[in-house]
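Engineer: no sequence on hand, only this structure:
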């Protein structure tokens, strides 16, 4: 994928709410990868998931789930029953485009 | 298991002074290595990447340079820092260049005064 757009710059929720972070991508490739990373206040980015364009099955990992839809060029990330520790900046990233990330979405979960 | 470390964690330098940030990876061979910078706007900008010893690709022309003297060592340098060099610098590694997940170091916060 060449480019991703995370239209939500900041989201604020209260603990236990579900929240979805949007990611729309553009690509001319038939095969591509998309990634999600988390950057907590400490600053170190943490890899969350890599998705191959051939695999459109939704992925679930604990409270995290990802909805990959090629028809709408979206790869959205949902956190169920959010917790304060989920507060971070989340980046959806393409596999090319000089490996550069956008500004991400800042999620603030309040107690 | 693989680990990545970078240092120093925090650095305050005057304008015009040199810079050296170091990053090392353990537990893997021939990793792809990267230097990113994150300015106040939160976006991560790729500065350099390396696919092997002495093989450095620069993504953004600037007064920074990178070197890879050993397989698992990646160094970010500058001869004369500018105010605009302030930011949060992150080193990362991956197995695959474009399609592999990135594993990041702890980051180095540079303030140029």
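Structural biologist: Thanks, I have it. Small disclaimer: the values here were computed from a predicted structure and weren't measured.

Engineer: now the helices for chain A?
Structural biologist: Counting by DSSP state H, chain A forms no helices at all.

Engineer: quick one: low-confidence parts of it?
Structural biologist: Applying pLDDT under 70 to the predicted model, the residue ranges of chain A that meet it are A:1, A:96-100.

Engineer: need the residues of it near chain B, please.
Structural biologist: With CB under 8 Å from any CB of the partner chain as the criterion, chain A meets chain B at residues A:33, A:35, A:37, A:42-47, A:50, A:89, A:91, A:95-96, A:98-104, A:106. (Each C-beta comes from the backbone N, C-alpha and C, glycine too.)

Engineer: give me every residue that touches residue 91.
Structural biologist: Here I'm looking at chain A. Under the criterion of CB atoms under 8 Å, 6 or more residues apart in numbering or on different chains, the contact list for residue A:91 reads A:6, A:35-39, A:45, A:101-102, A:104-105, B:44.

Engineer: hm, I was asking about chain B
Structural biologist: With contacts taken as CB under 8 Å, 6+ apart, residue B:91 has the following neighbours: B:4, B:6, B:21, B:23, B:33-36, B:74, B:76, B:104-105.

Engineer: residue B:14 too?
Structural biologist: For residue B:14, the contact set (CB under 8 Å, 6+ apart) comprises B:81, B:112-113.

Engineer: does chain A sit close to whatever helix or strand residue B:75 lives in?
Structural biologist: In this assignment (DSSP states H and E), residue B:75 forms part of strand B:73-78. No - Strand B:73-78 lies apart from chain A when judged by CB under 8 Å from any CB; the minimum separation is 14.6 Å.

Engineer: for that strand, packing partners?
Structural biologist: Judged by 3 or more CB pairs under 8 Å, 6 or more residues apart in numbering or on different chains; DSSP states H and E, strand B:73-78 is in contact with strand B:19-26, strand B:32-38, strand B:44-52, strand B:64-70, strand B:87-94.
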